[in-house]
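**Student:** Below are the sequence and a predicted model; questions follow.
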Amino acid sequence: MKAEYFRNNKYILTMLWRIRKGRVIGEFLYRVLYYLYWLFYDILFLKYLVESLERGRSFAQIMTFIVAAMVGFAIPSILSAWYLHVYKPRSDADIFEAVHTMLFEKATRVELRCYENTEFYNRFTLAMKDCEQRMTQIIENQCIILTSTAASVCALCYMFQIDHFVILFIAGPLIGNFLFGKIINDIKFRMNKECIPYVREMEYVNRTLYLAEYAKEFRMSGIFEVMKKLYETGFLGIMSKLKEYQNKRVLLAFVRNIFVFVVIYQGVIFYSLYRVMVSHSMSLSGFTVLFSAMNVVAWMVIQASEAIILSYEDSLYIANLREFLEYEPAVDERQAGILPADCEKAAPGGGMLSFHHVGFTYLGQEAPVLHDINLTVQRNEKIAIVGHNGAGKTTFVKLLMRLYDASEGEILYFGSNVKELDLPAYRNLFGTAFQDYQVFAMTVAENVLMRTPQNEADYQKAAQCLRRAGVYERVCRLSHGMDTILTKEFAQDGAVLSGGELQKIAVARAFARDYQIAIFDEPSSALDPVAEYELYENILKGCADKTVFFVSHRLSTAALADRIYLFEQGEIAEFGSHDELMRRDGKYADMFRKQAKNYVGGTSDVA
Ligand code: ADP
């Protein structure tokens, strides 16, 4: 725990030093000045005044000393005001920006499966949480610990000069304070840790309540009551933990206070009064300064121990941040390697994409989701992937794009294992539209291009993609055309489009990339069968010189493909063209006939 504490604080201080040396140095100097000021006024200044009175120094002499002290502190005071109100807020903003950028970059670099790992996800959310406040706190606490300890030692030395024995009154409580501080801190740490599951429950409720995606469900169902209960469970859980630890915490805090205040205060007062009044071995100025110095030491010790307690908490936070930032992704999203164009040159005649005995098991699962998948796809082929829910279609597509790595077998791009390819370049081959696409609170053009349009050519490109997705006319009718902001999150006149229209925008986004391979994983589920058929007809017409994979529940749409793969329980059950599969009269033909019957009967899809 202790070693970890030092390692964590060193890690963050090194990071902050790299980002903004001035902030670390500035805080240190500010604290040095703060404690010097305190030591000077409460000990030296006071001593001078009392002694002056005892020795009968003139009023003019005393005033000269006071003015000199004021002038002496004027410049450092101006500097510290500038540091606190000008330099510190600016450099803190720089630090937050730099740390957030590091976190964002890491978040986009780690493989997708990290987001499905609860432990990893927790670490990420905790690292993001309170980041701003923590960073400042870490610098401040470390500087307080260092400077207040040094200042206390100075004050103690001064007290030692006045009376050797008095130091004993402080040594005991000092040790006791740190000891009790540590126990109190350990208990708080344990309690906070035990509260985490409850805090997460409450945070989950908080999060869902302000997300627009959940607003409808909350209004149309009784789920709010369930969520309220979850919130209450979290709240009661935290309360029970507070109750469980409250007696111990009160008792320890009480004993600590007795140690710090009663022993030091009363002990030193009794002792020094004895020396002043009974043994007559101490002057009044000695007594006054001793009393004031003791006060200074007590408060400095309290500040140092509070900073230590807080920095233990910081250490826990840093541990999360550190583990997150130091995590080495199994699939580095920026992995360099062979360029796809070079693979093609090396094996121009081979299949574009091949799966060889590919199997895949999700992290934490025992049963494989895909097994022994074998297929080869030539450039410009149109491939449909069909099958029941849970058959493994989306997983197949994810492996294709290397969002995950196959657990068994290999996936080849023109003969090269995709693991050896330059990952960003490989991903750039794909134009994709998913079922769980996201629409951003940005303009339509930005949602299509996924960047800010720079010139007229960009707008023309966005318009062309929207046209191909069959939604251009609808966009033209919006208040600002392609410059209309989607969602009302930031704009009162933002557009709220239907599910089907948004899906078409997601399809347009796929076209906007300079892609070689298009992947459509059911981005058309909100469309009726006829609209979906027309959309795919359009897509395939516009993608004559591209390779296309599309996942669809509707076999009438799948019939448009050159080849259809029917997935069943993670395996390829049948494959071939629509006509071949119909002639085979197997599972595909059976499903196709059932769907056709339902369409006639008015129902949409069945698979
Ligand atoms: P389909 O696209 O055919 O509906 P999927 O490929 O999405 O099927 O899912 C196949 C199986 O893998 C399902 O049983 C699903 O529950 C499981 N699965 C999908 N994603 C994950 C995941 N991230 N972690 C664990 N299991 C998953």
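**Tutor:** Ah, there it is. Bear in mind that the values here come from a model prediction, so they are computed numbers and not experimental data.
**Student:** is the helix or strand of the chain at the bottom of the mean pLDDT ranking up against the ligand anywhere?
**Tutor:** The weakest-scoring helix or strand in the chain, judged by mean pLDDT, DSSP states H and E, is helix 118-128 (a mean of 72). No. Contact of helix 118-128 with the ligand (C-beta under 6 Å from any ligand atom) is absent, the minimum separation being 11.2 Å. Bear in mind the C-beta positions are built from the backbone N, C-alpha and C, glycine included.
**Student:** Let me know the angle separating the helix or strand just after that helix from helix 118-128.
**Tutor:** Using DSSP states H and E, the next helix or strand after helix 118-128 towards the C-terminus is helix 131-162. Going by axes from the mean of the first three to the mean of the last three C-alpha atoms, to 10 degrees, helix 131-162 is angled at 60 degrees with respect to helix 118-128.
**Student:** and the least confident helix or strand of the chain, which residues are buried?
**Tutor:** Applying a neighbour-count criterion of 16 or more other C-beta atoms under 10 Å, one finds 120, 123, 124, 126, 127, 128 buried in helix 118-128.
**Student:** which residues does the first one contact?
**Tutor:** Which is residue 120. 110, 114, 324, 327 (C-beta atoms under 8 Å, 6 or more residues apart in numbering).
**Student:** any weak-confidence spans in the protein?
**Tutor:** Low-confidence segments of the chain, defined by pLDDT under 70, span residues 1, 116, 118, 122, 173, 212, 260, 348-349, 598-607.
**Student:** Specify the local secondary structure of residue 565.
**Tutor:** Look at residue 565: counting by DSSP: H, G, I helix; E, B strand; the rest coil, its state is strand.
**Student:** likewise residue 463?
**Tutor:** From three-state DSSP, the assignment for residue 463 is helix.
**Student:** So for the residue in the stretch 501-607 of the chain that the ligand sits nearest to, what's the nearest residue that isn't a sequence neighbour?
**Tutor:** Per C-beta to the nearest ligand atom, residue 567 is where the stretch 501-607 of the chain lies closest to the ligand, at 6.2 Å. With C-beta to C-beta, 6 or more residues apart in numbering as the criterion, residue 567 has its nearest non-adjacent residue at 3.5 Å, and that residue is residue 387.
**Student:** give me the element the residue in the stretch 151-300 of the chain that the ligand sits nearest to is part of.
**Tutor:** Proximity of the stretch 151-300 of the chain to the ligand (C-beta to the nearest ligand atom) peaks at residue 204, 18.6 Å away. Residue 204 belongs to helix 167-210 when assigned by DSSP H and E.
**Student:** Which residues of this structure lie near the ligand?
**Tutor:** 116, 362, 365, 369, 387, 389, 390, 391, 392, 393, 394, 395.
**Student:** mind running it again at 8 Å?
**Tutor:** The chain comes close to the ligand at residues 113, 116, 362-365, 369-370, 387-398, 521-522, 551, 567, 570, as judged by C-beta under 8 Å from any ligand atom.
**Student:** filter those residues to the buried ones?
**Tutor:** Applying 16+ other C-beta under 10 Å to the residues of the chain next to the ligand flags 113, 369-370, 387, 391-398, 521-522, 551, 567, 570 as buried.
**Student:** give me the element the nearest residue to residue 185 once chain neighbours are set aside is part of.
**Tutor:** What sits nearest to residue 185 in space, not counting adjacent residues and going by C-beta to C-beta, 6+ apart, is residue 309, at 4.6 Å. Using DSSP H and E, the element containing residue 309 is helix 284-326.
**Student:** now that helix, how far from the centre of its chain.
**Tutor:** In terms of C-alpha atoms, centre = their mean, to the nearest Å, the centre of helix 284-326 is found 29 Å from the chain centre.
**Student:** Past it, which element shows up next along the chain?
**Tutor:** Using DSSP H and E, the helix or strand that follows helix 284-326 towards the C-terminus is helix 340-346.
**Student:** buried stuff in that next one?
**Tutor:** 340, 343, 344.
**Student:** Residues touching it, excluding its own?
**Tutor:** Against helix 340-346 from outside (C-beta under 8 Å, 6+ apart): 413, 414, 415, 416, 421, 422, 425, 426, 429, 516.
**Student:** Let's see that helix as PDB, backbone CA atoms only.
**Tutor:** What follows is helix 340-346 as a C-alpha-only set of coordinates in PDB (Å, rounded to 0.1, in the frame of the first residue of the first chain):
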ATOM      1  CA  PRO A 340      -3.300  -3.100 -47.800                       C
ATOM      2  CA  ALA A 341      -2.200  -1.800 -51.200                       C
ATOM      3  CA  ASP A 342       1.100  -3.800 -50.900                       C
ATOM      4  CA  CYS A 343      -0.800  -7.000 -50.100                       C
ATOM      5  CA  GLU A 344      -2.800  -6.600 -53.200                       C
ATOM      6  CA  LYS A 345       0.300  -6.000 -55.400                       C
ATOM      7  CA  ALA A 346       1.900  -9.100 -53.900                       C
END
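**Student:** Quick one: distance of that helix to the chain centre.
**Tutor:** With C-alpha atoms, centre = their mean, you get 37 Å for helix 340-346.
**Student:** the helices in the stretch 351-500 of the chain, which residues?
**Tutor:** Using DSSP state H, counting those that start in this stretch, the helices of the stretch 351-500 of the chain run over 393-400, 423-427, 444-449, 456-468, 472-476, 499-512.
**Student:** Mind giving me the packing neighbours of the first one?
**Tutor:** Read that as helix 393-400. strand 353-360, strand 370-377, strand 382-387, strand 517-521, strand 547-551 (3 or more C-beta pairs under 8 Å, 6 or more residues apart in numbering; DSSP states H and E).
**Student:** what's the answer for the longest one, then?
**Tutor:** Of the remaining helices and strands, those touching helix 499-512 by 3+ C-beta pairs under 8 Å, 6+ apart are strand 430-434, helix 444-449, helix 456-468, strand 517-521, helix 529-542.
**Student:** go again using 7 Å as the cut-off
**Tutor:** For helix 499-512, the elements it packs on are strand 430-434, helix 444-449, helix 456-468, strand 517-521, judged by 3 or more C-beta pairs under 7 Å, 6 or more residues apart in numbering; DSSP states H and E.
**Student:** can you state the direction angle for the longest one and helix 499-512?
**Tutor:** Between helix 456-468 and helix 499-512, the angle comes out at 130 degrees (the same axes, to 10 degrees).
**Student:** List the contacts of helix 456-468.
**Tutor:** Contacting residues not belonging to helix 456-468 are listed as 445, 448, 449, 453, 472, 475, 482, 508, 511, 512, 538, 542 [C-beta atoms under 7 Å, 6 or more residues apart in numbering].
**Student:** can you check the first one too?
**Tutor:** Contact partners of strand 430-434, identified using C-beta under 7 Å, 6+ apart, comprise 401, 506-507, 509-511, 513, 515, 517-521, 523.
**Student:** could you redo the last one with a cut-off of 8 Å?
**Tutor:** Residues from elsewhere that reach strand 430-434 (C-beta under 8 Å, 6+ apart): 401, 503, 506-507, 509-513, 515-523, 546.
**Student:** ok, the most centrally placed residue in the chain to residue 324 distance?
**Tutor:** In the chain, the C-alpha nearest the mean C-alpha coordinate belongs to residue 128, at 3.6 Å (C-alpha atoms, centre = their mean). Distance, residue 128 to residue 324, by C-beta to C-beta, to the nearest Å: 9 Å.
**Student:** and what of residue 522?
**Tutor:** From residue 522 to residue 324 the distance is 33 Å (C-beta to C-beta).
**Student:** I'd say residue 269 and residue 295 touch.
**Tutor:** No. At 10.8 Å, residue 269 and residue 295 do not qualify as touching, with contact defined as C-beta atoms under 8 Å.
**Student:** I'm done for today, thanks for sticking with me.
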